[in-house]
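1. here is the input, now give the coordinates:
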Amino acid sequence: MSHDRETRGFQAEVSRLLHLMVHSLYSNREIFLRELISNASDACDKLRFQALDDDSLMEGEGEPWIRLSVDPDAGTLTIADNGIGMNREEVVENLGTIARSGTEKFLASLTGDRQKDAQLIGQFGVGFYSAFIVADRVEVFSRRAGEAADQGVHWESDGKGEFTVETVEREQRGTAVVLHLRDDAKEFADEHKVRAVVRQYSDHVAFPIRMAKSAEGADGEDQDKETEWETLNSATALWQRSRQDISDEEYQNFYRHLSHDFQDALTWSHNQVEGNLEYTSLLYVPARAPFDLYHREANRGLKLYVQRVFIMDEAEQFLPLYLRFIKGVIDAPNLPLNVSRELLQDHGPVRKIRAALTKRVLQMLKKLGNDDDKYATFWSQFGEVLKEGIGEDPDNREAIAALLRFPSTENAAPGAVSLDQYLERAGEGQDKIYYLLADNLEAARHSPHLEVFRKKGIEVLLLTGRVDEWMVNYLEEYQGKKLVNAARGQLDMDDREEADKAEQQDNPLIGRLTETLGERVAEVRPTGRLVESPACLVLGEDELGPQMRMMLEAAGQPVPESKPALEVNLSHPLLERLQGIQDDQDFAEMAESLLDQALLAEGQLPKDPAATARRLNRLLQEHAERT
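-> Next comes the predicted model:
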């Protein structure tokens, strides 16, 4: 008996994802069973946790289970569990929408290339919707634990834009997903095939996964009390097993189960700590960043178990925010079960575990750094996030700094050079680490500020990341060597002899430029930085750089006015010609052009681009007339 039947449309994002999934993941379709079993495992975890406070939710049954049954004649595969289940409102919300930050960005990134889209879809996670990879019709029967039998729900869809939902009678709590398999996917109605897939992908699931040896009802409820069930998995929490007994393939399968990622993890660390502070951790470094990595409201954190009982899905308290990309499990048997989410952060053992896990992750990343290819993958995905730790975690600043990678004048590949490598190549007597901030790598590589460094054979790190200027405000030194901005203040490795000689001569050109440009620059002075360029802009020691100014402006914060110094290369032909210009108007135009090109070399626009264009046009016209 059913009632309240209604038809609804999928959220637009769901419809698009379903279409892409069916067409892009066809070659990797076995993953649907792993995804549905993972969902069933999560439902069993949640039931066991909620039953700690209300044991009536168990409804007189024993431990939770997951059951699979096939019907070759009907062409169906059923995945059932006696977990927490869903009521009607939850079914509509969970199976009709994608409530996830970053969804629009994810969909916009899809290209239509099946192979590339398959990787992206795997990165985003597909969960329940993976059922439509192999099924042309899916039914879901569910009842929330603790609710009356007449509050069951039946959901059904062909995945083409709409679904129906109705209230039904259902004795069994939990959820059953019934897949009506496509003609080309009938292999998944074969017991041997299903057994093989479960043993390959889901052996680590901590609840028994059982296969019916005789037919079972389509909605997952026992029709035959004599049904025999064969357990297909070891049903032991993988993190509780000895490391020596776990293969790399098992570790990777568990990672996919945990993260719903299609790709392998880059590395992992499995550790048991005994004594006063007892806990087990299994931590993974993914190979791809999620689309919501920079969304502050996104879910993050480790799965927390206490005495092997699931407690929390995203326990943020065990790792700092800059390590939010780490996936994993922590099982701490001595944490009291009555500690709430709000109080957990202040619990003494939690702070100690957090400190220990943070060091473990940093050690894991240091070891990963021995593999150049894998670390390059890690850095391309998570390098910008790791940089946040320089400011956020002063206790581990040196260890984080050792993990940083940058392009440099010696190797311009992104993430190519570590600070240790820089110091190994530094010349004898060099007691500073030089860096240059720029908006992009091309602007950095062609900056006039590098000319004197090239002349002297000194390597300079090229910092173009969006948080780099903020980061170096906290990273003042590394291994006792001070970090110095190549474009800021007076460099103590300038060719000072030449500059001092010019200053002693009290060159009249400096005074004339100062008078002409006085409102736009802090000062005009001779330089020892430049070899080929006529001029460059130099920030004062306490001035904000362009990256910090942009960050503050984007945040709506007031930005103090700043004027750089203009350093000029008095030996450059352009400056020598400038000295010979007697007409004040012509001199002013040339001086303004000199400042404009210095601004452009820094990647900045002149204050009045239209005026710059007019001056340039006049200079080009004069040159054309002379030739």
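
2. from residue 46, how far off is residue 311?
-> 10 Å (Cβ to Cβ, to the nearest Å). Using the backbone N, CA and C atoms, a C-beta is placed for each residue, glycine as well.

3. for the two, indicate the residue with more neighbours.
-> For residue 311 versus residue 46, neighbours defined as other Cβ atoms under 10 Å are more numerous around residue 311 (22 against 18).

4. spatially nearest residue to that one (excluding sequence neighbours)?
-> residue 304 (4.6 Å; Cβ to Cβ, 6 or more residues apart in numbering).

5. that neighbour belongs to a helix?
-> No. Assigned with DSSP: H, G, I helix; E, B strand; the rest coil, residue 304 falls outside any helix and is strand.

6. endpoint to endpoint, stretch 597-611 covers what distance?
-> Criterion Cα to Cα, to the nearest Å; first-to-last residue distance in stretch 597-611 is 13 Å.

7. who touches it?
-> 438-440, 443, 446-448, 487, 520, 533-537, 546, 566, 592, 595-596, 612 (Cβ atoms under 8 Å, 6 or more residues apart in numbering).

8. count of residues packed around residue 301?
-> The number of residues near residue 301, taken as other Cβ under 10 Å, comes to 18.

9. show me what contacts it?
-> Per Cβ under 8 Å, 6+ apart, neighbours of residue 301: 312-319, 324.

10. would you mind confirming that residue 157 is in contact with residue 137?
-> Yes. Residue 157 is within contact range of residue 137, at 7.4 Å (criterion: Cβ atoms under 8 Å).

11. could you look up the SS state of residue 357?
-> Residue 357 - assigned by three-state DSSP - is helix.

12. make that residue 625, sorry
-> Here residue 625 is recorded as helix under three-state DSSP.

13. what residue ranges in the stretch 501-627 of the chain score low on pLDDT?
-> 501-506, 546-547, 549-555, 559, 623, 627 (pLDDT under 70).

14. show me where it has helices.
-> Under the criterion DSSP state H, counting those that start in this stretch, the stretch 501-627 of the chain contains helices at 508-517, 546-554, 573-579, 584-601, 609-626.

15. so which of those helices is nearest residue 7?
-> helix 546-554 (44.9 Å; Cβ to Cβ).

16. on that earlier part again, just the buried residues of the contacts of residue 301.
-> Buried by 16 or more other Cβ atoms under 10 Å: 312, 315-319, 324, out of the contacts of residue 301.

17. want to throw these into JSON lines with distance to residue 263?
-> Below are the buried ones among the contacts of residue 301 laid out as JSON lines (distance: Cβ to Cβ, whole Å):
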{"residue": "312", "distance to residue 263": "25"}
{"residue": "315", "distance to residue 263": "24"}
{"residue": "316", "distance to residue 263": "24"}
{"residue": "317", "distance to residue 263": "27"}
{"residue": "318", "distance to residue 263": "24"}
{"residue": "319", "distance to residue 263": "21"}
{"residue": "324", "distance to residue 263": "18"}
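
18. among those, which are in strands?
-> 312, 315 (DSSP state E).

19. closest to residue 269 among the buried ones among the contacts of residue 301?
-> Among the buried ones among the contacts of residue 301, and counting by Cβ to Cβ, the member closest to residue 269 is residue 319, at 12.5 Å.

20. residues contacting that closest one?
-> Applying Cβ under 8 Å, 6+ apart, the residues near residue 319 are 301-302, 326, 354, 357-358, 361.

21. of the helices of the stretch 501-627 of the chain, which is nearest residue 413?
-> Taking these one by one with Cβ to Cβ, helix 546-554 is closest: 21.4 Å.

22. if we can go back for a sec, and the helices of the stretch 501-627 of the chain: which comes nearest residue 396?
-> helix 546-554 (23.5 Å).

23. what about the residue nearest to residue 311, how many residues close to it?
-> Neighbour tally, residue 304, other Cβ under 10 Å: 22.

24. strands of the stretch 201-350 of the chain, start to end?
-> 209-212, 229-231, 267-273, 279-285, 302-306, 309-315, 327-331 (DSSP state E, counting those that start in this stretch).

25. ok, and what's touching the fifth one?
-> Applying Cβ under 8 Å, 6+ apart, the external contacts of strand 302-306 come out as 237, 258, 281, 283, 310-315, 318-319, 326-333, 335, 337.

26. picking up where we left off before, pLDDT at the residue nearest to residue 311, what is it?
-> At residue 304, the model reports a pLDDT of 89.

27. and the contacts of stretch 597-611, which are buried?
-> If we count by 16+ other Cβ under 10 Å, those have these buried: 438, 443, 447-448, 487, 533-537, 546, 566, 592, 595-596, 612.

28. return the member of those nearest to residue 476.
-> residue 487 (16.9 Å).

29. so how far is residue 521 from the closest one?
-> Shown here: residue 487 relative to residue 521, a distance of 14 Å by Cβ to Cβ.

30. same question, residue 375
-> Residue 375 is 43 Å from residue 521, by Cβ to Cβ.

31. and if you look at residue 314?
-> For residue 314, the distance to residue 521 - Cβ to Cβ - is 51 Å.

32. how about residue 592?
-> Taken as Cβ to Cβ, the span from residue 592 to residue 521 is 11 Å.

33. then residue 281?
-> From residue 281 to residue 521 the distance is 56 Å (Cβ to Cβ).

34. check residue 83 too.
-> In terms of Cβ to Cβ, residue 83 sits 69 Å off from residue 521.

35. who has more neighbours, these two?
-> Between residue 83 and residue 521, counting by other Cβ under 10 Å, residue 83 is the more crowded of the two (25 against 20).

36. any idea which element the closest residue to the more buried one other than its chain neighbours lies in?
-> Once flanking residues are discounted, residue 83 sits nearest to residue 43: 2.9 Å by Cβ to Cβ, 6+ apart. Assigned by DSSP states H and E, residue 43 belongs to helix 31-50.

37. which strands or helices does that helix pack on?
-> strand 66-71, strand 76-81, strand 174-181, helix 191-201, helix 248-259, strand 309-315 (3 or more Cβ pairs under 8 Å, 6 or more residues apart in numbering; DSSP states H and E).

38. dump those to CSV, plus mean pLDDT.
-> Formatted as CSV, the helices and strands packed on helix 31-50 follow (pLDDT from 0 to 100):
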stretch, mean pLDDT
strand 66-71, 95
strand 76-81, 97
strand 174-181, 96
helix 191-201, 90
helix 248-259, 91
strand 309-315, 80
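
39. so which of these is nearest residue 572?
-> helix 248-259 (57.2 Å).

40. what is the mean pLDDT for stretch 405-420?
-> Rounded mean pLDDT across stretch 405-420 is 92.

41. buried sites along that stretch?
-> By neighbour count with 16+ other Cβ under 10 Å, stretch 405-420 contains the buried residues 405-409, 414-419.

42. I'd like to know which of these is nearest to residue 527.
-> For the buried residues of stretch 405-420, the nearest to residue 527 is residue 409 (19.0 Å; Cβ to Cβ).
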